[in-house]
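Q: Everything below, folded, please.
(2 chains)
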Amino acid sequence: MFAYLLRRLLYAIPILIGVNLLTFALFFVVNTPGDMARLQLGAKHVTPEAIERWKYEHGYDKPLLLNKAAEGSAQFTDTIFFKHSAAMFVFEFGKGDDGRDIGTEIRNRMGPSLAIALPVFVIGLLVNITFALLMVFFRATYLDLWGVVLCVVLMSISGLFYIIAGQYFIASLWKLLPISGFAGGINGLPFIVLPVLVSVVAGIGGGSRWYRTIFIEEIGKDYVRTARAKGLSELRVLFRHVLKNGMIPILTGAVVVIPTLFMGSLITESFFGIPGLGSYTIDAIQAQDFAVVRAMVFLGSALYIVGLILTDLSYSWADPRVRLQ
Amino acid sequence: MTRLGTFPLGTILYATLPFLLATGLAGCSDSWNTPYPGSDKGANAVYSAFSERPKHLDPARSYASNEVEFTGQIYEPPLQYHFLKRPYTLIPLTAETVPKPHFYDATGKLLPDDAPSAAIAESVYEIKIRLGIRYQPHPAFARDAAGRYRYHTLDAAALADKITLTDFAYTGTRELTAGDYVYQIKRLAHPGLSSPIFGLMSEHIVGLKQLGATLQQAARTRPDAVLNLNDFPLAGAEVVDRTTYRIRIKGKYPQFIYWLAMPFFAPVPWEAEVFYAQPGLADRNLTLDWQPVGTGPFYLAENDPNRRMVLKKNPYFHGETYPADGDAADRQAGLLADAGKTLPLVDEAIFSLEKETIPYWSKFMQGYYDSSGISSDSFDQAVQFSARGEQQPTDSMRDKNIHLITTVAASIWYVGFNMLDPVVGGLGEDRRKLRQALSIAFDYDEFISIFLNGRGIPAQGPIPPGLFGYVEGVAGLNPYVYQARGKQIMRRPLADAKRLLAEAGYPNGRHAKTGEPLVLYFDTMASGPDAKSRLDWMKKQLDKLGVQLVVRGTDYNRFQDKILKGNAQLFEWGWNADYPDPENFFFLLYGPHKKVGSGGENAANYDNPEFNRLFEQMKDMDNGPARQEVIDAMLEIVRRDAPWIYSYYPKSFGLRHGWVHNVKPNLMANNTLKYRRVDPALRARQREAWNQPVLWPIALMLGGLVVVIAPAAIAWRRRERTTA
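A: All right, here's what the predicted structure looks like:
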């Protein structure tokens, strides 16, 4: 197990370097350091000298990947890529183009992102699994049919619609909850409910249908027939046996996203005014703040790799036949 | 059986528990939907929003309107615009008087005020500030009993528990000095600050360019050292005595006085820079760029640009009073009701981050924001047109005592021709006629009606209304695009455009000799469904002449790059006034400011020697008939040459609730929050009345769940029994 984990962590290093390189290449294909300077300095009274000064002050006055003017290892280290990327491997993200410390921003914004993402994940999982098991229980009946139809309908509606409809009906028309915003501590609870509710409802269609498919497949297996033959109630069959055996595909989808919950949701956070990492990423993309974009992509990749490792670990927990070597 | 039957209900209860809990908690306050839980409902506060977090709050750097909205209330330059007077009038803020420049020739001899510009080598502004002005409370000023600064030599241990400025137990203040203004002028040249006006000011302030080079050299020599600006003299800004400082300007630059009303020229105390320069503070986002230190009516008490920013009344503010010298219209509008009262009139201003327009509008309608702009989506809900075509609030707005505020912005939108382009550029008669034809064909009266809901007025030239040089009505029309019918201004008929096009060598939109169709290229940053309809409209305008328009959509960076290199043919752009002087618009067409080659603001690369000569003459003149005469001549030249299609002057619409008072649009002033007055009691009553929760949907939802679950439970029981 330890050797497996170590190997997976070592694999992560070239993957992260590759992701970093790709992000760097993609960003600088569409943006030059001069573009970034112009965006930061504004549209008025910007002189070529001011652009050069900005590039120098922010370390964007060097070659991108290879400094032919330098000698030795400085050819690679005295470049924009190295200067802006090397420190990330020890999670030193530096400062954004607005001068704010990225690490501090990430720490401050992680909480609000989790405040939404965690309940959505937990409640969503519970609701989806329950709904899926109920459909399986009533399989081949009208309840199952209409359940599937409902899922398809829910799946077919854009996520944005749920947000707008939720905001309109619950907050604007019925005045039951604040339409957007955030607050710390217990005062933050009213702000969390609506985005959580909307996100859970938006996810029911896809999630339940996927889990239903898994459970339907399981329910036709021999061990289920045996359980029934033993006289177990349908409840025990579903929740004790089918659910447990159906966990592997569920874990594949669920565990991998746990670490990435920190990253928040881009659209939900933006619409509900949640000051999380999702809206941070969106803002950085719009502001062409390479330092923040690069940090968030790096963090997202690292967390995704952690998620994949956790998924592997959870396989061996859920199915003793799986051995990590 | 029981467990199966209760499981879904348990899940449902679990799922709805936070909702019930949250609504229950919210129910403890006045309204369930209040976005300000736990706040004082009777607070004498302004509630507002910002859609984009500010990038910089350092007065040397902040320039964008969403930044100046904060810095304008915190920092105090020596001058300000009178809140009520029109045309815009500069008055002292921290200065004792509005300074008059003294002129000197190259030998240092004092010249008379009416000396010709060519003889003036230097203009000197001597500014005397008022006594007794103090900075906001701040830890940078805190001293111990021995008079030493408490927080200027912090080590890592002392910083361990300091996350925000409120974690510093002690604060202090001190009196404003002339040296603080000089210090800030030097900061404009600081290489680490990248001040957006350094390039412009280094052309005008004596020695600023050299100081920038010196500081850059010093920073490169010792990259980790903190530059102490007091060690670097600046010839163009010097302290005369404790309350007086002097600024030396190269030649004559009358518009400089307007810059003295902007936060760029506000004072910065050296103590603040020393305090924030200490290691470890920047990692906590404790920098002068994010935690301003000023003498203004407010200070930034809470700075969370990701959520909300709160300005609170500066306890040391110097007791400015509300103006008493407005006109009769101001008196009638109730804008003089607070004359003579000590400013500011509110205790705090709470700005919440609101990126999306739907929540913004909803909260405004619920009374949680005091004022709002009007997006296209909510325009019909908010504004209606009277029989005479005047905009007024709709009945539903009036029922809520919501007032409409309109004003024509000191801005212009235009379609520029690249004057270096071989097809549309140049000053030849045929090219001129081509541009005039296109100017007539683009029917911006129609555009304003279709796309702007009437929120704009057709432009007649580069100078927008409200600025000296703009002439109202028929006398001020652009005769190459419009014509007068009595007192009405009518766009010239399309036949005129076709005639001009033919005279330009393109009869019916085809080249007279080759017969090839005239194809023009339009570069734009606009994208998305809204933009598509606008761009289709533009194509349609040229279709009327038989000219093809190819739209080249691009992003902001590529667009800027094309303009910079002169690779665009037609393009759309706009300009907001920095200050209320026609020079700030005419300079966009001044030849030496061409984008190509000089990187200036003349994006059309227009270069007419006669216009340039008149510009140089006009920019140094005082407002009066002689200046108007020169401006008229300049307008005639740029209307005839038509380097721009003068599209429209945008009109801004806003709404305010009835409890908000002293609102008069002032497009130049950025410090008007101190005049704002609210009626908190009325606001609290209205909020309560407008936000009574509607509870039947919850009952309906729970009933619906029962309706869905009950048959399922019954069916399950039947099945269990059948199986058994």
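Q: What parts of the stretch 351-500 of chain B come near chain A?
A: Listed as neighbours of chain A in the stretch 351-500 of chain B under the rule CB under 8 Å from any CB of the partner chain: B:S352, B:L353, B:E354, B:K355, B:E356, B:I358, B:P359, B:S362, B:K363, B:M365, B:Q366. Every C-beta, even on glycine, is put in place using the N, C-alpha and C of the backbone.
Q: For B:P609, give me its contacts.
A: Applying CB atoms under 8 Å, 6 or more residues apart in numbering or on different chains to B:P609 gives the contacts B:G591.
Q: PyMOL command to pick out the buried ones of the residues of the stretch 351-500 of chain B next to chain A?
A: To isolate the buried ones among these in PyMOL, judged by 16 or more other CB atoms under 10 Å in any protein chain shown, type:
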select buried, chain B and resi 352+353+354+355+356+358+359+362+363+365+366
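Q: What are the boundaries of the strands in the stretch 451-600 of chain B?
A: Assigned by DSSP state E, counting those that start in this stretch, the strands in the stretch 451-600 of chain B fall at B:456-458, B:482-485, B:488-491, B:519-524, B:548-553, B:570-576.
Q: Can I get those in CSV including mean neighbour count?
A: What follows is the strands of the stretch 451-600 of chain B, written out as CSV (neighbours: other CB atoms under 10 Å in any protein chain shown):
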stretch, mean neighbour count
strand B:456-458, 20
strand B:482-485, 15
strand B:488-491, 15
strand B:519-524, 18
strand B:548-553, 16
strand B:570-576, 20
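Q: Now intersect the residues of the stretch 351-500 of chain B next to chain A with the helices, please.
A: If you go by DSSP state H, those have B:I358, B:P359, B:S362, B:K363, B:M365 in helices.
Q: pLDDT for these - can I get that in a markdown table?
A: Output for those, formatted as a markdown table (pLDDT from 0 to 100):
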| residue | pLDDT |
| --- | --- |
| B:I358 | 90 |
| B:P359 | 92 |
| B:S362 | 94 |
| B:K363 | 95 |
| B:M365 | 96 |
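Q: Does B:P254 belong to a helix, a strand or coil?
A: For B:P254, the assignment made with DSSP: H, G, I helix; E, B strand; the rest coil gives coil.
Q: list the buried ones in the longest helix belonging to chain A?
A: Looking across chain A with DSSP H, the single longest helix is helix A:102-137. Across helix A:102-137, burial judged by 16+ other CB under 10 Å covers A:102, A:104-106, A:108-110, A:112-117, A:119-121, A:123-125, A:127-137.
Q: hmm, it in reach of chain B?
A: Yes - legend: contact between helix A:102-137 and chain B by CB under 8 Å from any CB is shown at A:G103, A:T104, A:E105, A:N108, A:R109, A:P119, A:I123, A:L126, A:V127, A:T130, A:L134, A:F137.
Q: Can you say which two of those residues are spatially most distant?
A: A:T104 and A:F137 (49.9 Å; CB to CB).
Q: which ones are touching B:D395?
A: Residues near B:D395 by CB under 8 Å, 6+ apart: B:Q384.
Q: I'd assumed A:F161 was in a strand, is it?
A: No - applying three-state DSSP, one finds A:F161 to be helix, outside a strand.
Q: gap between it and chain B?
A: Noted for A:F161: a distance of 12 Å to chain B, by CB to the nearest CB, to the nearest Å.
Q: ok, how many other residues are close to that residue?
A: 12 (other CB atoms under 10 Å in any protein chain shown).
Q: Find the nearest non-adjacent residue to the residue of the stretch 401-550 of chain B found nearest chain A, please.
A: Closest to chain A within the stretch 401-550 of chain B is B:M525: 11.0 Å, counting by CB to the nearest CB. Closest residue in space to B:M525, ignoring its immediate chain neighbours: B:F559 at 4.8 Å, by CB to CB, 6 or more residues apart in numbering or on different chains.
Q: I'd guessed the one you found sits against B:F522; true?
A: No - between B:F559 and B:F522 there is no contact under CB atoms under 8 Å: 11.5 Å.
Q: Spit out the residues that contact the two alike.
A: By CB under 8 Å, 6+ apart, B:F559 and B:F522 have these common neighbours: B:F571.
Q: Any idea how many residues pack against the residue of the stretch 151-300 of chain A found nearest chain B?
A: Closest residue of the stretch 151-300 of chain A to chain B, CB to the nearest CB: A:P275 (3.5 Å). Neighbour count of A:P275, defined by other CB under 10 Å: 24.
Q: Quick one: mean pLDDT for stretch B:647-666?
A: The predicted model assigns stretch B:647-666 a mean pLDDT of 95.
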